[in-house]
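# Okay, here's the prediction I keep looking at, along with the sequence it came from:
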Amino acid sequence: MKENETTETKTHKTPLVTEELKKCPDPSPLLVGPLRVEFSTPVSLDTVRKENPGLQEGGRYKPHDCIALQKVALIIPFPRNRDNHLKFWLYYLHPILQRQQLDYGVYVINQDGENTFKQGQADEHWLC
């Protein structure tokens, strides 16, 4: 068979076009201003996942259409018996962080033992 002939079994390869991503704009054009926060309706972790389809396993996110200007780790100290607080926090904060076009990860640190969970404040008087 000659090189230019076609048959039913011949496959066509299309060239891969890779587009180089540019840095995300500063400020992000996705910012929306004030946000109404409502606590009357319970929120589940499934709802958080469904409302944030770009969220990766382990609480990671990065913009798909540009390179984030900032890479951020959010470390959440999580005391016992605060499940509902965490769900609301995740529900409202994930969209805010995504609109900022951040490359971020959320790390929830569980409390161990029975002591007060404010060790950082006990060590130093932090201003932020």
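Perfect, thanks for sending it. Numbering: from 1, shown residues only.

# Please go through this protein and pick out the longest helix.
As assigned by DSSP state H, the longest helix anywhere in the chain is helix 83-99.

# Could you pull out the buried residues of that one?
Leu86, Lys87, Phe88, Trp89, Leu90, Tyr91, Tyr92, His94, Leu97, Gln98 (16 or more other C-beta atoms under 10 Å). Every C-beta, even on glycine, is put in place using the N, C-alpha and C of the backbone.

# Report the contact partners of the fourth one.
Looking back up the chat, that one is Trp89. Neighbour list for Trp89: Ile76 [criterion: C-beta atoms under 8 Å, 6 or more residues apart in numbering].

# Could you check how far it is from Ile75?
Distance of Trp89 to Ile75, given as C-beta to C-beta, to the nearest Å: 13 Å.

# do the same with the fifth one
In this structure, Leu90 lies at 14 Å from Ile75, with C-beta to C-beta as the measure.

# hey, what's the residue minimising distance to the centre of the chain bridged with?
Taking C-alpha atoms, centre = their mean, the centroid of the chain lies closest to Tyr61, which sits 3.2 Å from it. Taking DSSP bridges as the rule, Tyr61 bridges to Tyr104.

# do the one 10 residues further on as well
For Lys71, the beta-bridge partners are Asp103 (DSSP bridges).

# Over to the one 4 residues further on?
Partner residues in beta bridges with Ile75: Tyr107, with DSSP bridges as the criterion.

# right, and it touches Gly105 too?
No. Between Ile75 and Gly105 there is no contact under C-beta atoms under 8 Å: 9.4 Å.

# those helices in the chain, which residues are they?
Ranges of helices within the chain are 45-51, 83-99, 119-123, based on DSSP H.

# Next, format those helices as CSV and append distance to Phe39.
Below are the helices of the chain laid out as CSV (distance: least, C-beta to C-beta, whole Å):
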stretch, distance to Phe39
helix 45-51, 14
helix 83-99, 6
helix 119-123, 25
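
# Between the ones you listed, which one is closest to Pro27.
helix 83-99 (10.3 Å; C-beta to C-beta).

# Quick one: mean pLDDT for the closest one?
Taken as a whole, helix 83-99 carries a mean pLDDT of 95.

# Right, I'll leave it there.
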